[in-house]
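S.K.: Kindly return the folded structure for what I paste below:
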Amino acid sequence: MTSNNMVSKLSTYSVNETMDKFEAIIKEKGLGVVARVNHQANAQKVGLEMNEAQVIIFGNPKAGTLIMQKNIAAALDLPMRVVVYKDDSGKVYIAYRSPKTIEESFAIADCPVFDQMSEALDKLTSAAIA
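M.R.: Numbering: from 1, shown residues only. Below is the predicted model of the structure:
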């Protein structure tokens, strides 16, 4: 499913299993992990409840730098992020904003990195739910 430049894929694994698989895959591919955020755990720390949701922030400085050289404001959306969450019906999804969003939002032209990033994210997220 794709909407508002968000790509969302159904996972048959739990939130934690899906994110663990995704993290292992990106590390295996040599991508750097900046942070992994457990939003549900953070909500619980302040007495609030929410469905399971984890975000991983990761990237490749070579690709990100090429983008930021075109428009440094793109740093607002870099490194890349992937979310794994459970919806109200109990289904688990892995989702991300298409890198094309950055290209469009920051009017970056002539930067082939976006096509490569889009293809890579599709493959990496599909591998995590396979």
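S.K.: where in this structure is pLDDT low?
M.R.: Low-confidence segments of the chain (pLDDT under 70): 1-4.
S.K.: Val37: what's it in contact with?
M.R.: Gln54, Val55, Ile56, Ile57 (C-beta atoms under 8 Å, 6 or more residues apart in numbering). Just so you know, the C-beta spots here come from the backbone N, C-alpha and C atoms, and that holds for glycine as well.
S.K.: what pairs with the helix or strand containing it, and is each one parallel or antiparallel?
M.R.: Using DSSP states H and E, Val37 sits in strand 32-38. The pairing partners recorded for strand 32-38 under DSSP bridges are strand 53-59 (antiparallel).
S.K.: ok so, going back, of the contacts of Val37, buried ones?
M.R.: If you count burial by 16 or more other C-beta atoms under 10 Å, the buried members of those come out as Gln54, Val55, Ile56.
S.K.: Export only the CA atoms of the lengthiest helix in the chain, formatted as PDB.
M.R.: As assigned by DSSP state H, the longest helix anywhere in the chain is helix 113-129. Output of helix 113-129 as PDB, limited to C-alpha atoms (Å, rounded to 0.1, in the frame of the first residue of the first chain):
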ATOM      1  CA  VAL A 113      20.600   8.500  -5.400                       C
ATOM      2  CA  PHE A 114      16.800   8.700  -4.900                       C
ATOM      3  CA  ASP A 115      16.100   5.900  -7.400                       C
ATOM      4  CA  GLN A 116      18.700   3.700  -5.700                       C
ATOM      5  CA  MET A 117      17.400   4.500  -2.200                       C
ATOM      6  CA  SER A 118      13.800   3.700  -3.300                       C
ATOM      7  CA  GLU A 119      14.800   0.400  -4.800                       C
ATOM      8  CA  ALA A 120      17.000  -0.500  -1.800                       C
ATOM      9  CA  LEU A 121      14.200   0.300   0.800                       C
ATOM     10  CA  ASP A 122      11.700  -1.800  -1.200                       C
ATOM     11  CA  LYS A 123      14.100  -4.800  -1.200                       C
ATOM     12  CA  LEU A 124      15.200  -4.400   2.400                       C
ATOM     13  CA  THR A 125      11.700  -4.000   3.900                       C
ATOM     14  CA  SER A 126      10.400  -6.900   1.700                       C
ATOM     15  CA  ALA A 127      13.300  -9.100   3.000                       C
ATOM     16  CA  ALA A 128      12.300  -8.200   6.600                       C
ATOM     17  CA  ILE A 129       8.800  -9.600   6.100                       C
END
